[in-house]
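Participant: give me coordinates for this.
(chains A and B)
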Amino acid sequence: MSDRETIDIEEIMKEIREDIEKKGYCQEMLSFYNENPFETANIEKFSMNNLKGKVYRLNQSVPILYYREINQKGLKGFLKRILRKFLGFLIIPIVEEQNRFNEHTIRCVNQIMNYIEEHENKVK
Amino acid sequence: MKTKSSRGTDKMKKVCFVVQRYGVEVNGGAELQCRMMAERMLPFYDVDVLTTKAIDYMTWKDEYKNDKESINGVMVRRFSVEKQRSINEFNEINGKLLQGAVSTKEEEEEWIYKQGPAVPNLVNYIEENVNDYEAILFFTYLYYTTTMGIPKAGKKAICIPDAHDEPFLKMSIMKDVFLNAQAYFYNTIEEKKMINQKFHNEYIKNNIGGVGVDIPSDIDQQRFKDKYGLGDYIIYVGRIDRGKNCDIMFDYFREYKKRNKNNIKLVLIGKSVIKIPKDKDIIPLGFVEDIDKFEGIAGSRLLLLPSEFESLSIVVLEAMSLKKPVLVNGKCDVLKGHCTKSNGGLYYYDYFEFEGALNYLLGQTSIIQVMGENGLRYVNENYQWDVIVKKLANLIDYVSELNGKKAERK
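Facilitator: Down below sits the predicted model:
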């Protein structure tokens, strides 16, 4: 990256990601990584606010888009865009299936939340 | 130069800005944007602002005393909230909304009322006085003042949505906001694309605005460092809140310090609503004066912004104006867009990208200088007040002509 006029953020990010892959970094290396979420669940006391927060984040996570912007200029960017177009037939159905699954899962979780709240109110 | 009205008199035309809070004491991006725009329209129009008496956006509690006051030449009319926001009541209905359990118009109106600020008197004022104004400009789509106000403003409504992609846009009541104004003034192309995609309202007159950036001329970064006893640091500026991903920022930075031996500190400027970890490398300064904020950014190695939900981010533009690179959350299209369009910052999606990008920005001094120049160029090309004011005035003229009058400007 020696040309002072044309630094490219995406190229820099690509170098950083390649470095991460080369070094074999993974989430388990992190001190705040929760290796066994069930272990924490057994320790944590139930918190409705915590649950609502998690459900909120879950609701935010759909839908997955198969289409990703490729802003890279030049031949590499062009080839990536061609590849994106040609692989669409393979990727789109997989993404759609995943989105359907996610939607069903979230509806299920939302229904469970509604059930909890209804019954919480009855108990009160 | 004054132009005469159609009656041959030198009469200033009036415009009205509607915003949830207004005042020099008010912190908040959209509120500051409204105040900056209102004051810059003064050479061209008589400007009224309709707002609440609140300073605190959590409760909307009445704190300003006067019903009317002039702030820097702008006539501000304040209305008391009918009911302060109850966080418990709001969280209950909001929880239902987030789970998809709010579906009727009545429930959505209940959400809007509990979100607030509930100022029906302000909405009535709009209805009674709409003919006095060439245009009525509404800030921030998801507050009562905008959702209830736009229908009353009718053909005079212009909306500055300050929107980002969040569940509240799915409410059917938001169609009134995004389909019934006469014009829209978006902060970024990303915001416009997102709204167009959801509401298919690209046929409605619109433009891209944002804010201009004003940097004081007498910045002394060493003064800031001496005042707070600082060496090398990166800086976060803004509300310190879970909604801004500050909890994740603390996790990431503390992990970074464990894995990387250097003297870099994280300086925080802003009011905190969550607990800040007690760590010798995390230095909270609280809320500071504007000059300290600018000097703090100028003295830093970079500005860090972990938020996933921003509609513009004035502080990123300020950092770029000060030739400081930024490191932002890549999940926010607007923030990532600032980086990729300017080549003035990096973004991250997870911890390792955060670490890699931070080390890059701290290590590559010559590249950082180029990034700084790039950021400044980007702001100068896209976020200058004279350009933004001209675009907004054109939208006001457009709405005025729709209603059969030519806006006359001083």
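
Participant: next, count neighbours for B:W60.
Facilitator: Summarising burial for B:W60: neighbours were counted as other C-beta atoms under 10 Å in any protein chain shown, giving 26. C-beta: built from backbone N, CA, C; applies to glycine.

Participant: residues touching it, list them.
Facilitator: When contacts are counted by C-beta atoms under 8 Å, 6 or more residues apart in numbering or on different chains, B:W60 touches B:Q20, B:T52, B:A54, B:V81, B:Q84, B:R85, B:G116, B:P117, B:A118.

Participant: what's the closest of those to chain A?
Facilitator: Of all these, the one with the least separation from chain A (C-beta to the nearest C-beta) is B:R85, at 17.4 Å.

Participant: for that closest one, helix, strand, or coil?
Facilitator: When classified by DSSP: H, G, I helix; E, B strand; the rest coil, B:R85 comes out as coil.

Participant: so it sits right up against B:Y113, yeah?
Facilitator: No. The criterion here is C-beta atoms under 8 Å, and B:R85 misses it with B:Y113 at 9.6 Å.

Participant: so for the longest helix seen in chain A, what's the average pLDDT?
Facilitator: Longest helix in chain A by number of residues (criterion: DSSP state H): helix A:88-123. Per-residue confidence for helix A:88-123 averages out to 83 on the pLDDT scale.

Participant: tell me what that helix is packed against?
Facilitator: Helices and strands touching helix A:88-123, as assessed by 3 or more C-beta pairs under 8 Å, 6 or more residues apart in numbering or on different chains; DSSP states H and E, comprise helix A:48-60.

Participant: send the alpha carbons of the helix or strand in which B:E381 is found over as CSV?
Facilitator: Taking DSSP states H and E as the definition, one finds B:E381 inside helix B:365-382. Once side chains and other backbone atoms are set aside, the C-alpha atoms of helix B:365-382 remain, and they are given as CSV (Å, rounded to 0.1, in the frame of the first residue of the first chain):
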residue,chain,number,x,y,z
THR,B,365,1.5,6.4,10.4
SER,B,366,1.9,7.4,6.8
ILE,B,367,-1.3,5.7,5.7
ILE,B,368,-3.2,7.4,8.6
GLN,B,369,-2.1,10.8,7.3
VAL,B,370,-3.6,10.0,3.9
MET,B,371,-6.8,8.7,5.6
GLY,B,372,-7.0,11.9,7.5
GLU,B,373,-6.7,14.0,4.3
ASN,B,374,-9.3,11.7,2.6
GLY,B,375,-11.7,12.2,5.5
LEU,B,376,-11.4,16.0,5.4
ARG,B,377,-11.9,16.0,1.6
TYR,B,378,-15.0,13.8,2.0
VAL,B,379,-16.6,16.1,4.5
ASN,B,380,-15.8,19.2,2.5
GLU,B,381,-17.4,17.7,-0.6
ASN,B,382,-20.5,16.4,1.0
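
Participant: buried ones in that helix?
Facilitator: When burial is assessed from 16 or more other C-beta atoms under 10 Å in any protein chain shown, helix B:365-382 yields the following buried residues: B:I367, B:I368, B:V370, B:M371, B:G372, B:E373, B:N374, B:G375, B:L376, B:Y378, B:V379, B:N382.

Participant: now render those residues as CSV, adding distance to B:I282 and pLDDT.
Facilitator: CSV is the format used below for the buried residues of helix B:365-382 (distance: C-beta to C-beta, whole Å; pLDDT from 0 to 100):
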residue, distance to B:I282, pLDDT
B:I367, 27, 92
B:I368, 23, 92
B:V370, 30, 95
B:M371, 25, 96
B:G372, 25, 96
B:E373, 30, 96
B:N374, 29, 96
B:G375, 25, 96
B:L376, 29, 96
B:Y378, 30, 95
B:V379, 29, 95
B:N382, 33, 90
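
Participant: these: which ones sit near chain A?
Facilitator: Among the buried residues of helix B:365-382, the residues that sit close to chain A (C-beta under 8 Å from any C-beta of the partner chain) are B:I367, B:V370, B:M371, B:N374.

Participant: so where is the stretch 301-410 of chain B shaky, pLDDT-wise?
Facilitator: Counting by pLDDT under 70, the stretch 301-410 of chain B shows low-confidence ranges at B:405-410.

Participant: mind listing the strands for it?
Facilitator: Taking DSSP state E, counting those that start in this stretch to define them, one finds strands in the stretch 301-410 of chain B at B:303-305, B:326-329, B:345-348.

Participant: for the stretch 101-250 of chain B, same thing?
Facilitator: B:135-139, B:157-160, B:183-186, B:205-208, B:233-237.

Participant: between those strands, which one is closest to B:C16.
Facilitator: Distances from B:C16 to each of the strands of the stretch 101-250 of chain B were compared using C-beta to C-beta; the minimum, 4.6 Å, belongs to strand B:135-139.

Participant: against which helices or strands is the closest one packed?
Facilitator: Partner elements for strand B:135-139 (3+ C-beta pairs under 8 Å, 6+ apart): strand B:14-18, helix B:29-41, helix B:144-147, helix B:149-153, strand B:157-160, helix B:385-402.

Participant: which one of the ones you listed is the most hemmed in?
Facilitator: Neighbour counts (mean count of other C-beta atoms under 10 Å in any protein chain shown) averaged over each of these peak at strand B:157-160, with a mean of 27.

Participant: what separation is there between A:R100 and chain B?
Facilitator: Counting by C-beta to the nearest C-beta, to the nearest Å, the separation of A:R100 from chain B is 16 Å.

Participant: could you do A:L90 as well?
Facilitator: Noted for A:L90: a distance of 24 Å to chain B, by C-beta to the nearest C-beta.

Participant: now do the same contact list for that residue.
Facilitator: Contacts were defined as C-beta under 8 Å, 6+ apart; by that measure A:L90 touches no other residue.

Participant: near chain A at all, the one helix or strand B:N88 maps to?
Facilitator: Assigned by DSSP H and E, B:N88 belongs to helix B:87-98. Yes. Helix B:87-98 is in contact with chain A by C-beta under 8 Å from any C-beta, via B:N91, B:G95, B:L98.

Participant: ok, of those, which one's closest to B:E353?
Facilitator: Using C-beta to C-beta as the measure, the one of those that approaches B:E353 most closely is B:L98, at 28.1 Å.

Participant: I'd like to know how many residues surround B:N263.
Facilitator: Per other C-beta under 10 Å, the neighbour tally for B:N263 reads 9.

Participant: state the distance spanning the first to the last residue of stretch B:192-205.
Facilitator: End-to-end distance of stretch B:192-205: 12 Å, with C-alpha to C-alpha, to the nearest Å as the criterion.

Participant: make that stretch B:21-29, sorry
Facilitator: In terms of C-alpha to C-alpha, the two terminal residues of stretch B:21-29 are separated by 11 Å.

Participant: next: stretch B:136-154.
Facilitator: From start residue to end residue, stretch B:136-154 stretches across 9 Å - C-alpha to C-alpha.

Participant: helix/strand/coil for the residue in chain A that chain B sits nearest to?
Facilitator: With C-beta to the nearest C-beta, the shortest gap between chain A and chain B falls at A:I16, namely 3.7 Å. Using three-state DSSP, the three-state assignment for A:I16 comes out as helix.
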